[in-house]
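Student: With the input below, show me the fold.
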Amino acid sequence: MSFADMPVADLPVAEKVLLTLGFMRLTDAAPLIVARELGFFARFGLEVELVREVSWANIRDKVTVGALDAGQMLAPMPLLTSLGIGGLRCPLLTGLMLNLNGNAITLATGLYEQLLRSGPAPDDPLQLSRALARQCAASGQRLTMATVYPFSTHTLQLRLWLAAGGLDPDAGLRLIVLPPEQMVDSLAQGIIDGFCVGEPWNSAAVQAGAGVIAASGYDVWNNAPEKVLGVTAAWHQAHPGTHLRLRLALMEAARWLADVGHRQQVAELLTLPSYLDLPRSQILPALLGRHQYRRGGPLVDNPDFLVFHRYQAGFPWRSRGECLLRQCLELLGKNLPDAEVAELVARCYRTDLYREAAGLLGRPCPSQDHKAEGAHAEAYELEPGVRLGADLMMGGEGPDAG
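Tutor: Residues are numbered from 1 along each chain as shown. Just a heads-up that it's a prediction; the model follows:
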């Protein structure tokens, strides 16, 4: 069924039509911005105000108290907030993943140049990680690296990259949390030695001469779950019709975004003052999958750098949720029985809500909630009409890696 043919009048009534959604100043906020600016929300009878926030904790807190109806959230956030980890307990859920990938690890230019003296290939993520471990061991230097939230894909990717090179993330450096838009200035001022953040901030650091991209998020974890549409369980229960329309609008926006021919238009939208308010040159690399990892360096192509629709990107796999939750619990030195993990993920990662929307749009979607994680080196067909992407993790850390 095409977007234009969707019988919107036959959908469940929207309990609330005036909505406020939170987003961060990141390229992967594109589905929300496209849905607002190109009329996808309006097509489904919703009037949406997008509010730019400065931190992930702000979005989480405002969604939990009702100041925001929903928000762009980090993929682990519904799980951890439902558990009360991070200083706040509130049952959250998602019925829609907003994107896969989109992050990168950037090192200060001076640090990167020091690493090259030991002979790593200048664009090889694993060799650069090993060179970093060697330098830290030889000098006794304790680096300061930043991520955007303690329990985020960014933190997991940074730790995977460091560990793959032989550097203990818990002993060899100091990890701090900074809002995404503070990363570049902090790097330029020498406050931090590197960071893992979503675009466009890696490209901004490269173009400013402050940093060099050492690894894309995809290099570290192929097609990692990144952002979700998060709501409280109570809000969903009170507004199931509205929530359905939100998911439908964002799924249609994601499909529109999948056409690379639209990406120049997307970049123009993101440059607007109310959204990213940054130049196109910083926004386009992630959208086009063509990056300059260092100023003056060659262009690096990765069409999967940021995925909105391909590979069933919107489906909230429970196996992914379990993988994320276990990695985050490990950071805390905690463990939960398998049954408790499965029960929590089933409450927070609502595959039934995705299937409801996909069915109305006439789209194929997975018939199962779990798949092997960390076991696929290339794209594959799970079942007829359901093609998924590679999912390897650097260092072979995937739970189902052979």
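
Student: just the helices in the stretch 101-250 of the chain please.
Tutor: For the stretch 101-250 of the chain, the helices defined by DSSP state H, counting those that start in this stretch occupy 109-116, 125-139, 153-164, 183-188, 201-208, 217-220, 233-238, 240-257.

Student: any idea how far G359 is from the residue positioned nearest the centre of the chain?
Tutor: Centroid check for the chain by C-alpha atoms, centre = their mean gives E226 as the closest residue, at 2.2 Å. For E226, the distance to G359 (C-beta to C-beta, to the nearest Å) stands at 25 Å. In short, each C-beta sits where N, CA and C put it, glycine included.

Student: Kindly report the same for G172.
Tutor: Taking C-beta to C-beta as the measure, G172 and G359 are separated by 49 Å.

Student: which of those two has more neighbours?
Tutor: More crowded of G172 and G359, by other C-beta atoms under 10 Å: G172, with 19 against 12.

Student: State the distance from that one to T94.
Tutor: Distance, G172 to T94, by C-beta to C-beta: 34 Å.

Student: Now the terminal residues of stretch 273-293, how far apart.
Tutor: Taking C-alpha to C-alpha, to the nearest Å, stretch 273-293 runs 26 Å from one end to the other.

Student: buried set for that stretch?
Tutor: Across stretch 273-293, burial judged by 16 or more other C-beta atoms under 10 Å covers 275-276, 278, 282-289, 291-293.

Student: now swap in stretch 355-368 and tell me
Tutor: 355-358, 360-361, 363, 365-366.

Student: From one end of that stretch to the other, what's the distance?
Tutor: Stretch 355-368 end-to-end distance (C-alpha to C-alpha) = 11 Å.

Student: For H239, which residues are in contact?
Tutor: By C-beta atoms under 8 Å, 6 or more residues apart in numbering, the residues touching H239 are 14-16, 69.

Student: try 6 Å this time
Tutor: Counting by C-beta atoms under 6 Å, 6 or more residues apart in numbering, H239 touches 15-16.

Student: related to what we said a few turns ago, so which of the buried residues of stretch 273-293 sit within strands?
Tutor: Among the buried residues of stretch 273-293, the members falling in strands (DSSP state E) are 291-292.

Student: Now do R295 against P120, distance only.
Tutor: R295 is 18 Å from P120, where distance means C-beta to C-beta.

Student: which of these two has more neighbours?
Tutor: Per other C-beta under 10 Å, whichever of R295 and P120 has more neighbours is P120, with 21 against 14.

Student: Just want to check the distance between that one and R130.
Tutor: Distance, P120 to R130, using C-beta to C-beta: 7 Å.

Student: Equivalent analysis for I191, please.
Tutor: I191 sits 25 Å away from R130, going by C-beta to C-beta.

Student: Compare these two and say which is more crowded by neighbours.
Tutor: Comparing I191 with R130 by other C-beta under 10 Å, the one with more neighbours is R130, at 18 against 14.

Student: So the more buried one is in contact with A163, correct?
Tutor: No: contact between R130 and A163 fails when scored by C-beta atoms under 6 Å: they sit 11.2 Å apart.
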